[in-house]
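Novice: kindly generate the corresponding structure for this input.
(chains A and B)
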Amino acid sequence: MGHEPVAVVGIGQTKHKKRRDDLSIAGLVREAAQRALDDAQMTWSDIDAVVIGKAPDIFEGVMKPELYLADALGGAGKPVFRVHTAGSVGGSTAIVASHLVSSRVHKRVLAVAWEKQSEGNAQFGLGGGKSGSIGAGGAFAPWIRAYIRKSGAPEHIGWQIAVKDRQNALRNPYAHLHLKDISIDKVRESPMMWDPLHFLESCPSSDGAGAIVLTDRAGGEAAAADGRPPAWVLGTSMRSEPSSFNGRDPIRPQAGVDCAWDVYKQAGITDPRRQIDVAELYVPFSWYEPMWLEGHDIAPVGEGWKMVDRGETAFDGSFPVNPSGGVLSSNPIGASGMLRFLEAALQVRGAAGEHQVDGARVALAQAYGAAAQYFAMWAVGSQLPSS
Amino acid sequence: MSTQTSSTIQFPYKRTLGPVISRFFSELTAQRIVGIRSGDRVIVPPMEYDPETGNQLAEDFVEVGPAGTVVSWTWVAEPGKHHPLDRPFAYALIKLDGADTNLLHALDAGSEDAVSTGMRVVPRWRDEPVGRIDDIVAFVPGETPEGPAAGEAQDVQTMDYFSTITYTDVLSPTLERYAASMRAGVIKGQRCPQCNRVFLGRGYCSVDAIILGEEHEEALPDFGVVSNYTIVTPTPYPGQKETEPFARASVVLDGDEMVIAQQQIIGIPVSEIRVGMRVKAQWFPAAERDAAEITSKGWGTVAGFIEGWVHTGEPDEPAEQYMNRVF
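Specialist: From the prediction side, this is the model:
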């Protein structure tokens, strides 16, 4: 007996903002979860189990928030799980939930990932509570410098991605940043935050949450019959590697390559560039777009920036990346992976509204975390997988 | 004897309370306690949702108490610094008059003998309310609340939460030897017999997952090459002392290729730091070397022993062969 097919039948997210000062943490996660339940035409009582994900507790200073949030998410008397895999956690949360269905442990699972960055300070948290935090930008800037040097990419590539994702965000009402007048000049002239990264090549700090409802084959087929096409999970994978050892390639981490190919294999993908219609990649700093195109073998090594340069990853390009506006436009850290995963599902359901990519049948979502060492990816499709 | 290090981190978090807890705290500032209706029940403190079903609750607030009945309790004979009172007290579950749920709070009853299930209690209000649960300093026996006359309700939307936590680490034998060696001005690494990689104060090989001990330790050079760097424009946050752009460099030690990350380069402007630059360690004077930064949560750090790295004046190494080495 093979795995149970898994369908995403409900999707919800908050309006992401710098500070959701109208909501408690419980109110924030409930805004996303209620929208996912409404989308699935379910109520709290229909859910068998709840999976909660977020990044380090030091960001809000609420330790083990899953305990406080269990009843806020209708979890009384049900199994509740907490997932934590740094920045990749939103993706891992979706994957853990999907495994609870694919293993036939549960039929209907709610997965919610969130962050309320405004309650604390991520620079403080990432710096271990000390002065002189280098932050995520400071940690990734040297690798970005190495990528630029090795690939010979011109510096406008980073600026171009910063503009593209912000323009995509203008199509997405939930996105945090709506920078109507974004331009290459504005990015180039914005302050240098972590050389070679400019301020506008970096993600914002956001409050936000994302939620999905997953069901088994019968649930997915029932939704489809009701005119609400689900997104079918075609493949899931998580991989990790140590942050520090001699011989590691931090520009194209092996864990990221292995994670991608594990998903491709499950989804029957042999040529990701051709067989995937749209991708949501975790790009908190502009240059990570070409780095992940290469890191997941969508482009040959050294060629990712050329895909960007040719406009192939633009909204109307042949391989659109981050039609939602991506992490560069909304970054509730713990939720950011979930937003990639749920956007992929929206795309193959044909439910992405203004940011719908025409003809999206197979979508890839990816999230990474810590020192580019934790990876979570899934592929979803509009058709029930054949086996 | 084992070596301990301790470190404290603290942060002033700011909570947004949402519509329901805001109302509860706002009412507290006027010495009123409100619950929320959920079906036939009144839940205190009020919640945004029914905790049993998850269903959203209408914002139908009900004033309760202020007196109530002790449902259960436990005696705290020796209060610590984080307890709400500095003298022995009880933590009590109190069912306020008109409520259907129990409120957990401190009960200042003087002695354990004075506490019993079923006893009647009332709030002792804080002199100057701030809109927090400890606007009720404690409950006290009786039917008449204590404290100043009630004032106007304040509009409370947020709550400051000052968090502080102190960690005490007991250093592993590997880290103790590492710290002793650093005090003597020698960087000692552990070389994995299987893959030949070197690690600082870790006690195991990250790649082969085998234990590394004293027999795998060797002195490493305290000079090498800047493999990459970050120039950070500091953002302000509580505890941040940096105000001007600062650099953090990764240094690959000669020969063994061990990387030491987040190092300061001393003696040259930030703008002149470059990949491939040859540097050597500038040690703190022996008397000033300090192991406080070494904790069992991480691994070997040179912080507290090496102040920074200075350019040796030798020609640069080719950048490309080093750039990938950051952590």
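
Novice: next, count neighbours for residue 76.
Specialist: Because you didn't say which chain, this covers chain A. 14 (other CB atoms under 10 Å in any protein chain shown). All C-beta atoms are positioned from the backbone trio N, CA, C, and that covers glycine.

Novice: oops, chain B please
Specialist: Residue B:76: 18 surrounding residues under other CB under 10 Å.

Novice: show me what it is bridged to.
Specialist: Partner residues in beta bridges with residue B:76, using DSSP bridges, are residue B:89.

Novice: quick one: contacts for it?
Specialist: Neighbouring residues of residue B:76 by CB atoms under 8 Å, 6 or more residues apart in numbering or on different chains: B:83, B:88-91.

Novice: now the helices: where do they sit in the stretch 201-350 of chain A?
Specialist: Assigned by DSSP state H, counting those that start in this stretch, the stretch 201-350 of chain A shows helices spanning A:217-225, A:254-267, A:272-275, A:288-295, A:304-309, A:333-349.

Novice: quick one: the helices in the stretch 1-150 of chain B, in order.
Specialist: Counting by DSSP H, counting those that start in this stretch, the helices of the stretch 1-150 of chain B are B:18-28.

Novice: around chain A, which positions in it sit nearby?
Specialist: Contacts of the stretch 1-150 of chain B with chain A, taken as CB under 8 Å from any CB of the partner chain, map to B:9-11, B:13-21, B:48-49, B:51-56.

Novice: how about residue 249, phi and psi?
Specialist: No chain was given, so I picked chain A. Main-chain dihedrals, residue A:249, degrees, to the nearest 10: phi -110, psi 100.

Novice: relative to residue A:305, how far out is residue A:243?
Specialist: 25 Å (CB to CB, to the nearest Å).

Novice: check which residues of the one helix or strand in chain A whose mean pLDDT sits lowest are buried.
Specialist: Within chain A, no helix or strand scores below helix A:122-126, which has a mean of 79 by mean pLDDT, DSSP states H and E. Residues of helix A:122-126 classed as buried by neighbour count (16 or more other CB atoms under 10 Å in any protein chain shown): A:122-126.

Novice: equivalent analysis for stretch A:58-68, please.
Specialist: A:58-62, A:65-66.

Novice: related to what we said a few turns ago, okay, the contacts of residue B:76 in TSV with pLDDT and neighbour count next?
Specialist: Listed next are the contacts of residue B:76 as TSV, based on pLDDT from 0 to 100; neighbours: other CB atoms under 10 Å in any protein chain shown:
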residue	pLDDT	neighbour count
B:83	95	14
B:88	98	16
B:89	98	24
B:90	98	25
B:91	98	15
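
Novice: as TSV, those with distance to residue A:249 would be great.
Specialist: Shown next, in TSV, are the contacts of residue B:76 (distance: CB to CB, whole Å):
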residue	distance to residue A:249
B:83	52
B:88	61
B:89	59
B:90	60
B:91	55
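
Novice: from the stretch 101-250 of chain A, which residue is nearest to chain B?
Specialist: residue A:129 (3.0 Å; CB to the nearest CB).

Novice: are we agreed that that residue is in a strand?
Specialist: No: applying DSSP: H, G, I helix; E, B strand; the rest coil, one finds residue A:129 to be coil, outside a strand.

Novice: ok so, going back, ok, which of the helices of the stretch 201-350 of chain A comes nearest chain B?
Specialist: Set against chain B and scored by CB to the nearest CB, these come closest in helix A:254-267, at 11.3 Å.

Novice: which residues touch the nearest residue to residue A:277 once chain neighbours are set aside?
Specialist: Excluding the flanking residues, the one nearest residue A:277 by CB to CB, 6 or more residues apart in numbering or on different chains is residue A:360, at 4.5 Å. The contact partners of residue A:360, taken as CB under 8 Å, 6+ apart, are A:277-278, A:347-348, A:350, A:352, A:382.

Novice: before we move on, back to that, give me whichever of the helices of the stretch 201-350 of chain A is most buried.
Specialist: Mean neighbour count (mean count of other CB atoms under 10 Å in any protein chain shown) peaks for helix A:333-349 among the helices of the stretch 201-350 of chain A, with a mean of 31.

Novice: next secondary structure after that one?
Specialist: Downstream of helix A:333-349, the first helix or strand assigned by DSSP states H and E is strand A:362-369.

Novice: now that following strand: how far from the chain's centre is it?
Specialist: Strand A:362-369 has its average C-alpha position 6 Å from the chain's average C-alpha position, going by CA atoms, centre = their mean, to the nearest Å.

Novice: for the stretch 151-300 of chain B, what spans make up the helices?
Specialist: Assigned by DSSP H, counting those that start in this stretch, the stretch 151-300 of chain B shows helices spanning B:173-183.

Novice: who in it is up against chain A?
Specialist: B:157-158, B:161, B:163, B:197-199, B:206-207, B:228-235, B:237-242, B:246, B:248, B:250, B:257-259, B:261-262, B:275.

Novice: any idea how many residues pack against residue B:271?
Specialist: Residues lying near residue B:271 (other CB under 10 Å) number 10.

Novice: name the nearest residue to it, ignoring sequence neighbours.
Specialist: Excluding its sequence neighbours, the residue lying closest to residue B:271 (CB to CB, 6+ apart) is residue B:231, at 7.9 Å.

Novice: ok, now which ones touch the one you found?
Specialist: A:141, A:192, A:194-195, B:245-247, B:270-271, B:273.

Novice: tell me the predicted confidence for residue B:295.
Specialist: Note on residue B:295: pLDDT of 77.

Novice: wait, it touches residue B:5, no?
Specialist: Yes: when contacts are counted by CB atoms under 8 Å, residue B:295 is listed as touching residue B:5 (6.0 Å).

Novice: list residues touching both of those two?
Specialist: Residues touching both residue B:295 and residue B:5 (CB under 8 Å, 6+ apart): residue B:169.

Novice: quick one: terminal-to-terminal distance for stretch A:193-203?
Specialist: Stretch A:193-203 has an end-to-end distance of 12 Å (CA to CA, to the nearest Å).

Novice: equivalent analysis for stretch A:99-119, please.
Specialist: Per CA to CA, the first residue of stretch A:99-119 is 32 Å away from its last.

Novice: go on, stretch A:241-256?
Specialist: The first and last residues of stretch A:241-256 sit 9 Å apart, counting by CA to CA.

Novice: ok, and does that stretch reach over to chain B?
Specialist: Yes: using CB under 8 Å from any CB, stretch A:241-256 reaches chain B at A:242-251.

Novice: now do the contacts for residue B:247.
Specialist: Applying CB under 8 Å, 6+ apart to residue B:247 gives the contacts B:229-232, B:264-265, B:270, B:273.

Novice: ignore the last one, residue B:41
Specialist: Going by CB under 8 Å, 6+ apart, residue B:41 touches B:100-101.

Novice: confidence score at it?
Specialist: Per-residue confidence at residue B:41 stands at 97 (pLDDT).

Novice: roughly how far does it sit from residue B:217?
Specialist: Going from residue B:41 to residue B:217 by CB to CB gives 65 Å.
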